[in-house]
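Peer 1: Model the following, please.
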Amino acid sequence: MKIILSRSLLLLFILTFPVFAQTREPVYHSAHSILFEIIEDGVISNKHVSLDLDANDVNGTIWAECRITIITTNNNEKQIETNNYYTSTEQSTIRNLVIDPDKVSFDMIPYPLAPDRPLKLVATRIDKTPLYNVQVVGLWPDLLTNKKSIQIEWNQSGSKKRRDQG
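Peer 2: Model (predicted):
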């Protein structure tokens with residue numbers, strides 16, 4: 001009786017195992033040189049952003065990284081200054097990562113010396129192409145008053161559709 005029951009359980013396991021062991025299709029998101037204007041409390045600032053984004057979900061392992069270049073224009077001195085930042089799930093500067101076939105979203109802390117200034121990024125693939133509409137927003141405490149909050153928005157420049165270059 002035990003042998004029959006054991007064989008029956010083994011057969012049941014073999015028949016149902018493929019249902020539990022199914023793997024999902026890998027999901028890859030890659031968008032490069034996406035340009036933004038930075039808007040602070042509704043006013044366009046003298047800063048722009050270039051963003052490179054990569055996010056993957058392969059066999060249930062998800063990760064993401066962003067390479068960010070802040071471009072500051074000083075018209076009075078006729079200078080341009082650039083600052084580079086890197087965020088990733090590996091460094092825990094990207095959190096709450098959600099990857100779908102047509103969308104990726106997460107919270108990121110792009111400035112290592114300002115962990116209280118996170119940004120929310122949502123990148124939506126346009127019509128199953130390598131083009132993305134990317135929205136980035138944040139609500140930060142004002143450094144001078146600490147009572148008021150400043151709304152930060154990265155407004156995608158030029159065409160909303162940026163081609164994947166990488």
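Peer 1: make it CA atoms for all contacts and neighbour counts henceforth
Peer 2: Noted.
Peer 1: Could you grab the helix/strand/coil label for Glu65?
Peer 2: For Glu65, the assignment made with DSSP: H, G, I helix; E, B strand; the rest coil gives strand.
Peer 1: Same question for the one 3 residues further on.
Peer 2: Secondary structure, three-state DSSP: Ile68 is strand.
Peer 1: So which bits of whatever helix or strand Lys47 lives in are buried?
Peer 2: Assigned by DSSP states H and E, Lys47 belongs to strand 43-58. Neighbour-count burial for strand 43-58, counted by 16 or more other Cα atoms under 10 Å, picks out 47-57.
Peer 1: Specify which member of these is nearest to Glu90.
Peer 2: Using Cα to Cα, Ala55 is the member of these that lies nearest Glu90, at 12.0 Å.
Peer 1: The closest one: what's its closest spatial neighbour, skipping adjacent residues?
Peer 2: Using Cα to Cα, 6 or more residues apart in numbering and skipping the chain neighbours, the partner closest in space to Ala55 is Ala64 (4.0 Å).
Peer 1: Same question for Asp116.
Peer 2: Spatially, and ignoring its direct neighbours in sequence, Asp116 is nearest to Trp140 (7.3 Å; Cα to Cα, 6+ apart).
Peer 1: Make sure the one you found is indeed in a strand.
Peer 2: Yes. Counting by three-state DSSP, Trp140 is located in a strand.
Peer 1: In contact with it, which residues?
Peer 2: By Cα atoms under 8 Å, 6 or more residues apart in numbering, the contact set of Trp140 is 116-118, 149-152.
Peer 1: try it again with 10 Å
Peer 2: Residues near Trp140 by Cα atoms under 10 Å, 6 or more residues apart in numbering: 116-119, 146, 148-152.
Peer 1: Strands - which of those land there?
Peer 2: Of the positions in the contacts of Trp140, 119, 149-152 sit in strands, assigned by DSSP state E.
Peer 1: Top of those by number of neighbours, please.
Peer 2: When neighbours are counted by other Cα atoms under 10 Å, Leu119 leads these with 22 neighbours.
Peer 1: Roughly how far does Asn56 sit from Tyr132?
Peer 2: Going from Asn56 to Tyr132 by Cα to Cα, to the nearest Å gives 15 Å.
Peer 1: Check Asp116 too.
Peer 2: Asp116 is 27 Å from Tyr132, by Cα to Cα.
Peer 1: Name the nearest residue to Gln135, ignoring sequence neighbours.
Peer 2: Once flanking residues are discounted, Gln135 sits nearest to Val122: 5.3 Å by Cα to Cα, 6+ apart.
Peer 1: I'd say Glu153 and Leu139 touch.
Peer 2: Yes. Glu153 lies in contact with Leu139 (Cα atoms under 10 Å); the separation is 8.8 Å.
Peer 1: Good, wrapping up.
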